[in-house]
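**Student:** next come a sequence and a model predicted from it.
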Amino acid sequence: MPNANEQLEQELRAIWQQAANTRKATSSQRIERILKRSRAELSLRDLFKFAGFLLLTFVQLFTAVVAIMAGKRTVIRSRLEKSSHEF
């Protein structure tokens, strides 16, 4: 009987060794997939941040242009008012 137990133990050891080797072989692939996913998430987050800053910049630029245009209208109105008072 001890011979059968030893044989069973060797078979189990071989199965566990094979399973361990399989995990080792696929662990680098799993790590690579996790890193790839993390890089993609970081890139997407950076892209959203950049888009937000770009949108904010365009809003500020538009606000500045509107303010300049409003200022020019005010200057033109004040000149027209001055010239109409002179007559």
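**Tutor:** Happy to help now that I have it. Residues are numbered from 1 along each chain as shown.

**Student:** low-confidence stretches in the protein?
**Tutor:** Scanning the chain with the threshold set as pLDDT under 70 gives 1-2, 75-76, 79-80, 83-87.

**Student:** helices of that one, residue ranges please.
**Tutor:** In the chain, the helices defined using DSSP state H lie at 2-86.

**Student:** what residue lies at the spatial centre of it?
**Tutor:** Closest residue to the average C-alpha location of the chain: Arg45 at 1.7 Å, with C-alpha atoms, centre = their mean.

**Student:** residue contacts, that residue?
**Tutor:** Contact analysis of Arg45 by C-beta atoms under 8 Å, 6 or more residues apart in numbering lists nothing. (Glycine included, C-beta is placed from N, CA and C.)

**Student:** swap in Ala25?
**Tutor:** Contacts of Ala25 (C-beta under 8 Å, 6+ apart): none.

**Student:** please report how far it lies from Ile31.
**Tutor:** For Ala25, the distance to Ile31 (C-beta to C-beta, to the nearest Å) stands at 12 Å.

**Student:** check Leu54 too.
**Tutor:** 34 Å.
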